[in-house]
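J.: quick one, structure for this:
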Amino acid sequence: MRQTHLGGDRMFVDYAGDTVSVVVDRLTGEIREAHLFVAVMGASSLSFAWPTWTETLPDWTDAHVRAFDFFGGAARLLIPDNAKVAVIKACLYDPQVNRTYAELAAHYGTAVLAARPYRPRDKAKVEACVGIVERWLFGRLRNRVWYGPRRSTRRHSRDDDRVERPRHAPVRPVAA
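T.: Below is the predicted model:
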């Protein structure tokens, strides 16, 4: 079924399934896996990706704040999957949202509407973006060695010039 979205109405969020290996310490060769948070606006399909060390609540909320900053505001609805970091108890009619996540949404004047359990079509925008990220971004990064988290978030390719920040904020601005 085709879904229609209004501008600034919904932001779909998820973590990519694959991870990126990052060398944390050059002397010992310690390697950690970085997880990729992905957020997509519903109407425009404007996408945001951010690497985090874990998929825990502090990284989840920090990635949301960075996504709001990138988009220039918060959408009316946040639509995550039923990950434990976002939804404590998945239910078809009344899912129980994590208290910190609900407070983050209330602070930014938005609401959380979790996708139905085992229904990836409810958040098809972000699932498609995760597939794009895994093919294009991870495909380009597979033969590179990253040293530390800061360098892994810098732009390294000529193709990155195609990516621009939005000229006009697609959502309502966040009050300062």
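
J.: alpha carbons only for contacts and neighbour counts from here, please
T.: Fine.

J.: so what touches the helix or strand containing residue 50?
T.: Per DSSP states H and E, residue 50 falls inside strand 47-52. Residues outside strand 47-52 that contact it (Cα atoms under 8 Å, 6 or more residues apart in numbering): 34-41, 59, 63, 67, 70, 129, 153.

J.: and it, what's its mean pLDDT?
T.: Throughout strand 47-52, pLDDT has a mean value of 87.

J.: how far does that strand sit from the chain's center?
T.: On the basis of Cα atoms, centre = their mean, to the nearest Å, strand 47-52 sits 5 Å off its chain's mean C-alpha point.

J.: so which residues of this protein form helices?
T.: For the chain, the helices defined by DSSP state H cover 57-71, 99-107, 124-132, 138-141, 149-152.

J.: quick check, central residue of this protein?
T.: residue 38 (2.6 Å; Cα atoms, centre = their mean).

J.: count of neighbours near the residue lying closest to that residue once chain neighbours are set aside?
T.: Nearest residue to residue 38, sequence neighbours excluded (Cα to Cα, 6 or more residues apart in numbering): residue 49, at 4.5 Å. By other Cα atoms under 10 Å, the residues close to residue 49 number 23.

J.: and residue 49, how close does it get to residue 25?
T.: Computed as Cα to Cα, to the nearest Å, the residue 49 to residue 25 distance reads 24 Å.

J.: in the protein, spot the strand with the most residues.
T.: Scanning the chain for the longest strand, with DSSP state E as the assignment, gives strand 10-25.

J.: now do residue 36 against residue 94, distance only.
T.: Separation of residue 36 from residue 94 (Cα to Cα) stands at 28 Å.

J.: which one of the two has more residues nearby?
T.: Legend: neighbour count by other Cα under 10 Å for residue 36 and residue 94, higher for residue 36 (24 against 10).

J.: and the contacts of strand 47-52, which two are furthest apart?
T.: 34 and 41 (23.1 Å; Cα to Cα).

J.: these two: which is more packed in?
T.: Between residue 34 and residue 41, residue 41 has the larger neighbour count (other Cα under 10 Å), namely 26 against 19.

J.: ok, now how distant is that one from residue 28?
T.: Distance, residue 41 to residue 28, by Cα to Cα: 41 Å.

J.: repeat that for residue 139.
T.: Separation of residue 139 from residue 28 (Cα to Cα): 26 Å.

J.: again, but for residue 84
T.: Distance, residue 84 to residue 28, by Cα to Cα: 33 Å.
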